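In: requesting a structural model of the entry that follows:
(2 chains)
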Number of protein chains: 2
Amino acid sequence: MSILVVGSVAYDTVETPLGRAERVLGGSASFFSVAASFFAPVNLVGVVGDDFGPAQLAAFRGRQIDLTGLERMPGKTFHWQGRYSQDLNSRDTIRTDLNVFEFFEPKIPEEYRRSEIVFLGNIDPGLQRRVLEQVERPRVVACDTMNFWIKGKPQELRETLATVQVLLINDQEARELSGEWNLVRAARAIRAMGPRTLVVKKGEHGVLMFTDHGSFAAPAMPLEHVVDPTGAGDSFAGGFIGYLASAPEVGDAALRQAVVMGSTLASFCVEAFSLDRLLTLTRPEIEARYQVFEQLTRFESL
Amino acid sequence: MSILVVGSVAYDTVETPLGRAERVLGGSASFFSVAASFFAPVNLVGVVGDDFGPAQLAAFRGRQIDLTGLERMPGKTFHWQGRYSQDLNSRDTIRTDLNVFEFFEPKIPEEYRRSEIVFLGNIDPGLQRRVLEQVERPRVVACDTMNFWIKGKPQELRETLATVQVLLINDQEARELSGEWNLVRAARAIRAMGPRTLVVKKGEHGVLMFTDHGSFAAPAMPLEHVVDPTGAGDSFAGGFIGYLASAPEVGDAALRQAVVMGSTLASFCVEAFSLDRLLTLTRPEIEARYQVFEQLTRFESL
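Out: Numbering: from 1, shown residues only, chains lettered A, B, ... in the order given. Okay, here's the model as predicted:
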């Protein structure tokens, strides 16, 4: 099944305790697309400025990523600058230059409209809905969001959530969206808003998924060298959605495997700045780390 | 195999968002002993004051818990008072009255000296060592500690750690003890100090175990109603050590099962104040929740 992703393609300037990367490739749709393309064809919808050149586009070439929907506008590409704390668990945004992204109005190319799986990256929930209006009966619609929209456009977000099957957010966002501190109650409240499958990302503490089949918990890979957490959540989403797109059916077993595959891609993402590690990644490496997750979590019955 | 536990038996006064409990039974050795006694005989060494009566002792009766080593001294029993944050992830100590615990000098009864497994609760590392000097070649020595001793008695703690096989601490303590932010590096540093098996408790985020066989991660049970987290770590230790004491051998498989059993006991502990839930718990309930952990974490190979 082919995947349609709508999200940001950006330049990131990132400082972590292990170093600094200046104006490197970033953006939710970038991480998502490269991660998902290991499993299924990806149709990317986004916008870049005229400062986004062949060197950046090279990251997407030679993969099953279609760039017909990557619009180029006069002006500069979205730029985000941030600095991580010593433990990498929090970050401060130093500056956000929306640039051409400020006027982003996703136009879905004709040939993308029959994509079977849609991933609505973290953009204005109004835009997310207008994307959905342009596609024909996708089998699965998944989306991301953030505190900015939860607080700023709650009604629009509710309308979007009513139309999606899968929501991927972090634990803090789940608490804000539901108004519940307890994650089990938060999950029940959010699933009543529409998305029957809720994936709660907890960073280094792993993932909790709530579905009609019950709950599933997966740890994050304990890593000795975490260079840059930027893009981990989007890489998770790419591995998760990509795996689902390649699965014969989207049932409980596939959803659980998808969570582990998302965690696998995220664990590679954080090993280097930008998409550097994802771009050298091979399918055998992915499969080997999936097996490490099995080893990490297996225990015997009584 | 029989278990020797040394630790506190106390009165707790606890406030959580769901209520308040006044001068209820608490203390690391109390939670540990009741949890462990589901699996193996427990020999308890601790001290109480003359205000600790038959009603409190009743919690330990009718279980395989030997109280020969529970000393009674003139004066009051250790009393701790604390208040939890809204999300239950942090707590403030409002007062600590050490009372008779201040002069605690563990005396190991003759009949306890051949206990095969020793659990040194969170007490002065100097006392922990003096307990070990009184026992005869136990098969497994496990211990707990806390920031107070990591900062206050680092040298004594190092000497104790050099003689133990298993250390159970929380993630913040692991970071302080090792001076490493990254848990993988922290684990390596701590395991080099002596304990080849390190169990890092992360509260609602579960447990990471590092052994000579590799790493194991287990989630905490996602619970809708958490009443009081007090004693969760000690109940974990009781379930963990109790299960090991009942296992035919202490290898990788048993250690992993022990982590899940510890998590199982901890998940019951937090459902009520004090030991209330542990005291009504049955073996079938324990086995059923262990199976819920299996269901929560299972996923298929690729």
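In: mind listing the helices for the stretch 201-302 of chain A?
Out: Along the stretch 201-302 of chain A, the segments classed as helices by DSSP state H, counting those that start in this stretch run A:232-246, A:252-269, A:276-280, A:283-297.
In: so who does whatever residue of the stretch 51-200 of chain A ends up closest to chain B touch?
Out: Residue nearest to chain B within the stretch 51-200 of chain A: A:V184 (4.2 Å; CB to the nearest CB). (Each C-beta comes from the backbone N, C-alpha and C, glycine too.) Residues in contact with A:V184 (CB atoms under 8 Å, 6 or more residues apart in numbering or on different chains) are B:P222, B:L223, B:E224.
In: which among these count as buried?
Out: Buried subset of these (neighbour count, 16 or more other CB atoms under 10 Å in any protein chain shown): B:P222.
In: can you narrow the contacts of A:V184 to ones near chain A?
Out: B:P222, B:L223, B:E224 (CB under 8 Å from any CB of the partner chain).
In: the second one reaches B:S267, doesn't it?
Out: In other words, B:L223. Yes - contact between B:L223 and B:S267 holds when scored by CB atoms under 8 Å: they sit 6.3 Å apart.
In: re the thing from before, for the ones next to chain A among the contacts of A:V184, which one is nearest chain A?
Out: Nearest member of these to chain A, counting by CB to the nearest CB, is B:E224, at 4.2 Å.
In: gap between that closest one and B:A174?
Out: Distance, B:E224 to B:A174, by CB to CB, to the nearest Å: 29 Å.
In: likewise A:A186?
Out: A:A186 is 28 Å from B:A174, by CB to CB.
In: one more: A:D66?
Out: According to CB to CB, A:D66 stands 46 Å off from B:A174.
In: likewise A:P125?
Out: 40 Å.
In: coming back round to it: can you list the contacts of A:V184 in a markdown table and add distance to A:E180?
Out: Below are these laid out as a markdown table (distance: CB to CB, whole Å):
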| residue | distance to A:E180 |
| --- | --- |
| B:P222 | 13 |
| B:L223 | 13 |
| B:E224 | 10 |
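In: now the contacts of A:V184 as TSV including pLDDT and distance to B:T77?
Out: Below are the contacts of A:V184 laid out as TSV (pLDDT from 0 to 100; distance: CB to CB, whole Å):
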residue	pLDDT	distance to B:T77
B:P222	97	35
B:L223	96	30
B:E224	94	33
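In: quickly check: stretch A:213-230 near chain B or not.
Out: Yes - against chain B, stretch A:213-230 shows contacts by CB under 8 Å from any CB at A:G214, A:S215, A:F216, A:A217, A:A218, A:P219, A:P222, A:L223, A:E224, A:V226.
In: tell me the one of these nearest A:D92?
Out: A:V226 (17.6 Å; CB to CB).
In: quick one, grab the pLDDT at the closest one.
Out: A:V226 is assigned a pLDDT of 93 by the prediction.
In: and what of A:N89?
Out: So A:N89 comes in at 80 (pLDDT).
In: tell me how many other residues crowd it.
Out: Per other CB atoms under 10 Å in any protein chain shown, the neighbour tally for A:N89 reads 12.
In: residues in contact with it?
Out: Counting by CB under 8 Å, 6+ apart, A:N89 has contacts A:G203, A:E204.
In: that one and B:E173, how far apart?
Out: 17 Å.
In: how about A:G251?
Out: 41 Å.
In: looking at these two, which one has more neighbours?
Out: Taking other CB under 10 Å, A:G251 and B:E173 do not tie; B:E173 has more neighbours (23 against 11).
In: and that one, how far from chain A?
Out: Taking CB to the nearest CB, to the nearest Å as the measure, B:E173 falls 15 Å from chain A.
In: read off the pLDDT value for that residue.
Out: In this model, B:E173 carries a pLDDT of 96.
In: helix/strand/coil for it?
Out: Secondary structure for B:E173, judged by DSSP: H, G, I helix; E, B strand; the rest coil, is helix.
In: what's near enough to touch it?
Out: For B:E173, the contacting residues are B:T145, B:M146, B:N147, B:I150, by CB under 8 Å, 6+ apart.
In: if you set the cut-off to 6 Å instead, what comes out?
Out: B:E173 is in contact with B:N147, counting by CB atoms under 6 Å, 6 or more residues apart in numbering or on different chains.
In: can you list the residues of the stretch 101-250 of chain A near chain B?
Out: Within reach of chain B by CB under 6 Å from any CB of the partner chain, the stretch 101-250 of chain A has these residues: A:W181, A:V184, A:R185, A:H205, A:S215, A:A217, A:P219, A:P222, A:E224.
In: among these, which two are most distant?
Out: That would be A:R185 and A:E224, which, of these, are the farthest apart (CB to CB) at 35.6 Å.
In: still on that earlier bit, can you redo the helices of the stretch 201-302 of chain A as a markdown table with mean neighbour count and mean pLDDT?
Out: Below are the helices of the stretch 201-302 of chain A laid out as a markdown table (neighbours: other CB atoms under 10 Å in any protein chain shown; pLDDT from 0 to 100):
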| stretch | mean neighbour count | mean pLDDT |
| --- | --- | --- |
| helix A:232-246 | 27 | 98 |
| helix A:252-269 | 24 | 98 |
| helix A:276-280 | 17 | 98 |
| helix A:283-297 | 15 | 98 |
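In: adding distance to A:S28, write those helices out as TSV.
Out: Converted to TSV, these look like this (distance: least, CB to CB, whole Å):
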stretch	distance to A:S28
helix A:232-246	4
helix A:252-269	12
helix A:276-280	13
helix A:283-297	20
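In: following the worst-scoring helix or strand of chain A on mean pLDDT, which helix or strand comes up?
Out: Lowest mean confidence among the helices and strands of chain A (mean pLDDT, DSSP states H and E): helix A:54-57, at a mean of 90. Toward the C-terminus, helix A:54-57 is succeeded by strand A:65-66 as the next helix or strand (DSSP states H and E).
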